[in-house]
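**Q** mind folding the following:
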Amino acid sequence: MPNFLLKRWHGYHVIALFVISIIFSGIVTIYQWQLGLVGFLILGVVLYLMNRAKTQFEDELSEYISTLTYRVNKAGEEAVTHLPLGIVLYNEEGSIQWANPYIASLKEEDCVGKNLEFISDQLPDILNEEDRTFIINIAGNKYRIVHEVNERLLYFFDATEEQEIKELFEKDRTVIGLIYLDNYDEVTQGMEDQLRSKLLAHVTEKLNSWSKNNDILLRRTAADRYIAVFNTETLAALEEDRFTILDEVREATAHERVALTLSIGIGTGKSGMRELGQLAHSSLDLALGRGGDQAAIKQANGKVRFYGGKSNAVEKRTRVRARVISHAIRGFISDSNKVFLMGHKNPDLDSIGAAIGMLKIVESIGKEAYIVLDPMEMNDSVKKLVERIKKKPELWEKFITPEKAREEVTEECLLVVVDTHKPSLVIEPALLNMMDRIIVIDHHRRGEEFIEEAVLVYMEPYASSTAELVTELLEYQPTQPKLDVLESTALLAGIIVDTKSFAVRTGSRTFDAASYLKSKGADATQVQKLMKEDLDQFVKRAKLVERAYIYGGGTAIAIGDPEEDYEQLIIAQAADTLLTMNDVIASFVISKLNDGRVTISARSLGDVNVQVIMENMGGGGHLSNAATQLEGIEIEEAEELLKEKIDDYFKGGQST
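**A** So this is what the prediction gives:
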């Protein structure tokens, strides 16, 4: 404590004694005036001393405050001048008005009067952003800038070491990968042990070499499964390399007359091992749901990136899953009092045919079912089918509008979504939120957008169509549903449309399903009549094809007339037609729909994964058949965006 404060503390005691002395002297004077006089003399001396002490206290206090103010000001000047902290004041024009010596030491010259760009080219642009704290590079070092907008003041903190530690931490974060041999059981079934061992030796050799070159801990957990542990730095290198291990394994095993393919699921962005494992499992399921032969990387925020997917999904040789799913669906239907069946917007014959097939399954179990259909969104083929359905009142009464479906929903209802798995594409998205139990049946490769709340998912990318999947489910029902000619023809139409009359994505089970439907009375001639088009449509499609040009790499792009609207069917048929031209390996048709949206239909012969290109534009589909629809964009803008995505794809950017 300063001396003058101690004196002040003692002064309080003196005042107290002075008051007591006055009282005491007054009492003494009453009885003995001589002693009272002496007492008052003593009090006078004390009063003098007190006044002197007061004056001295005030002088010392004033000196202390002056000294303290000087020291504080000097400390502030020293801090501004010598602390490892940069301070800059700038004016409204972005010119530096004042900077402390630390800033001058960064640039090795005085910067007052110069523009902020003198310190860093990044500063003028960054100051216009909403963030008030950001990192920039200056002379090879990283600085955290704190921006005080109202004062037009910038603080510069050296964050080089901090950022280096952060980058090192990010690079060294653990990543878990699960590797699965997609078609191991199918390929090795019935194979001799010697050939099976030789095949696995090729895979093991490639994977071991891959793990050694990339510093990956790889362990085999089963004949067809591996687990890999590495870090994010290695993951970045694998992504830059586009996961060429997928191609290496496929090509190495192809020499043995069979090709094994890998699916890789990777979890990243979490610190906990269990969470990383769950992300890796989810990624692997996603890769398998898209047909396999690809790598899926799932981050903690839910974002997914895909690599590979260059080969078609391998058709399964066993129907065990179809039988199990068929019985599981029967159980869900039995527990419901009403079933709603719904496909995608602008339904095609596959969507309607699959819904009719599921309707027959529900009726065979003795439950009430309805097909949700928007009468305002139907192409010509579906309209022709609906006209035939209307001639059968007992079937037509099972079709209801989305509005009617919303009114009929109860807690015990079941929703079956066919031919799509994306919430944004279903006919009535509101039904997804109104139902607690949802079943998804689809043949498309799984995309990032998915109906997550589904209680049962039956997705088989190898299948030609959803109608094929539903036909197999029909076959495995204990009580065989009764199909008439129209119903079986509707299912067959779905298969024929999606396979382009059995020309693409057709496996042995596709013909088995078609054979079953033929045995139930399906009429292929009626299917051809449903698919017929009038002369105006043919001419319109021909003109659309005429507007095509070769963009590069065997890619054909056709641009519809901006002043004309096209039906989705015509756009898809134009893309199919372009694919039949010489030297064309992929085709894209861009046109406007009746509702004003811009749509792109994409086709390929399998050499180009059009699904990846369309997913990068918000769409999806199959490796050789995909599409997307864009809102709030003109055809010319869509064309430029498509070219950009095609360029990214051929440069190796096959991720979404």
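**Q** make it CA atoms for all contacts and neighbour counts henceforth
**A** Fine.
**Q** in the helix or strand where residue 525 lies, what's buried?
**A** Secondary structure from DSSP states H and E places residue 525 in helix 524-530. Buried residues in helix 524-530, counting neighbours by 16 or more other C-alpha atoms under 10 Å, are found at 524, 526, 527, 530.
**Q** leaving out sequence neighbours, find the closest residue to residue 425.
**A** Leaving out its chain neighbours, the residue that sits closest to residue 425 by C-alpha to C-alpha, 6 or more residues apart in numbering is residue 344, at 5.4 Å.
**Q** who's that neighbour bridged to?
**A** residue 426 (DSSP bridges).
**Q** who's residue 99 bridged to?
**A** Beta-bridge partners of residue 99, as defined by DSSP bridges: residue 88.
**Q** ok, it touching residue 113?
**A** No - counting by C-alpha atoms under 8 Å, residue 113 is not a contact partner of residue 99; they are 9.9 Å apart.
**Q** between the two, which one's more packed in?
**A** For residue 99 versus residue 113, neighbours defined as other C-alpha atoms under 10 Å are more numerous around residue 99 (21 against 14).
**Q** give the contact list for the more buried one.
**A** 86, 87, 88, 89, 111, 112 (C-alpha atoms under 8 Å, 6 or more residues apart in numbering).
**Q** so which of the residues you listed comes closest to residue 476?
**A** residue 86 (76.1 Å; C-alpha to C-alpha).
**Q** roughly how far apart are residue 326 and residue 213?
**A** Noted for residue 326: a distance of 46 Å to residue 213, by C-alpha to C-alpha, to the nearest Å.
**Q** ok, these two, which is more surrounded?
**A** It is residue 326, of residue 326 and residue 213, that has more neighbours when counted by other C-alpha under 10 Å, with 22 against 9.
**Q** so what touches the host helix or strand of residue 102?
**A** Secondary structure here is read from DSSP H and E; on that basis residue 102 sits in helix 101-107. The contact list for helix 101-107 (C-alpha under 8 Å, 6+ apart) reads 81-88, 110-111, 119, 138-139.
**Q** list the buried ones in it?
**A** 101, 102, 103.
**Q** from those, which is closest to residue 650?
**A** residue 103 (46.4 Å).
**Q** could you count how many residues lie near residue 331?
**A** 12.
**Q** next: the one 10 residues further on.
**A** Summarising burial for residue 341: neighbours were counted as other C-alpha under 10 Å, giving 25.
**Q** what residues of whichever helix or strand comes after the helix holding residue 525 count as buried?
**A** Using DSSP H and E, the helix or strand that directly follows helix 524-530 along the chain is helix 535-546. Neighbour counts over helix 535-546 (16+ other C-alpha under 10 Å) mark 540, 541, 544, 545 as buried.
**Q** returning to that earlier point: for the contacts of residue 99, pick the one with the most neighbours.
**A** Each of those was scored for neighbours by other C-alpha under 10 Å, and residue 86 scores highest at 23 neighbours.
**Q** what does the one helix or strand that residue maps to contact?
**A** Secondary structure from DSSP H and E places residue 86 in strand 85-90. Outside strand 85-90, the residues that touch it by C-alpha under 8 Å, 6+ apart are 80, 96-103, 116, 151-158.
**Q** same check on stretch 391-400?
**A** Contact with stretch 391-400 is made by 369, 370, 371, 372, 373, 389, 390, as judged by C-alpha under 8 Å, 6+ apart.
**Q** re the thing from before, most widely separated two among the buried residues of helix 524-530?
**A** 524 and 530 (9.8 Å).
**Q** which ones are touching residue 176?
**A** 227, 228, 229, 230, 266, 267, 268, 276, 277, 280.
**Q** what about the second one, which SS state?
**A** In three-state terms, and counting by DSSP: H, G, I helix; E, B strand; the rest coil, residue 228 is strand.
**Q** number of residues surrounding it?
**A** 18.
**Q** ok, what's across the strand from it?
**A** Beta-bridge partners, per DSSP bridges, of residue 228: residue 177, residue 218.
**Q** name the residues of the helix or strand harbouring residue 275 that are buried.
**A** Using DSSP H and E, residue 275 sits in helix 273-289. Neighbour-count burial for helix 273-289 flags 275-277, 279-289 (criterion: 16+ other C-alpha under 10 Å).
**Q** quick one, what contacts residue 413?
**A** Taking C-alpha under 8 Å, 6+ apart, we find residue 413 in contact with 336, 337, 338, 339, 340, 435, 437.
**Q** now do residue 493
**A** So residue 493 contacts 349, 350, 353, 524, 527 (C-alpha under 8 Å, 6+ apart).
**Q** try it again with 7 Å
**A** Residue 493 makes contact with 349, 350, 527, according to C-alpha atoms under 7 Å, 6 or more residues apart in numbering.
**Q** any idea how far residue 459 is from it?
**A** From residue 493 to residue 459 the distance is 20 Å (C-alpha to C-alpha).
**Q** kindly report the same for residue 324.
**A** 13 Å.
**Q** quick one, which of the two is more surrounded?
**A** Using other C-alpha under 10 Å as the criterion, residue 324 and residue 459 rank with residue 459 on top: 24 against 13.
**Q** wait, residue 628 touches residue 616, no?
**A** No - the pair residue 628 / residue 616 is not scored as a contact, 9.5 Å apart, by C-alpha atoms under 7 Å.
**Q** which positions in stretch 480-492 come out as buried?
**A** Buried, per 16+ other C-alpha under 10 Å, within stretch 480-492: 481, 483, 486, 487, 488, 489, 490, 491, 492.
**Q** quick one: which of these is nearest residue 196?
**A** residue 492 (38.6 Å).
**Q** quick one: pLDDT of that closest one?
**A** Looking at residue 492, its pLDDT reads 96.
**Q** so who does it touch?
**A** 514, 517, 522.
**Q** where does the first one sit: helix, strand or coil?
**A** When you say that, I think you mean residue 514. Secondary structure, three-state DSSP: residue 514 is helix.
**Q** nearest residue to it in space, please, no chain neighbours.
**A** Setting aside the residues directly before and after it, residue 514 is nearest to residue 492 in space (C-alpha to C-alpha, 6+ apart), at 6.3 Å.
**Q** about what we covered before: restricting to C-alpha, output the helix holding residue 525 in PDB.
**A** Coordinates of each C-alpha in helix 524-530 appear next as PDB, following Å, rounded to 0.1, in the frame of the first residue of the first chain:
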ATOM      1  CA  ALA A 524     -46.700 -57.500 -76.200                       C
ATOM      2  CA  THR A 525     -48.800 -56.100 -79.100                       C
ATOM      3  CA  GLN A 526     -50.800 -54.000 -76.700                       C
ATOM      4  CA  VAL A 527     -47.500 -52.700 -75.200                       C
ATOM      5  CA  GLN A 528     -46.400 -51.600 -78.700                       C
ATOM      6  CA  LYS A 529     -49.700 -49.800 -79.100                       C
ATOM      7  CA  LEU A 530     -49.200 -48.000 -75.800                       C
END
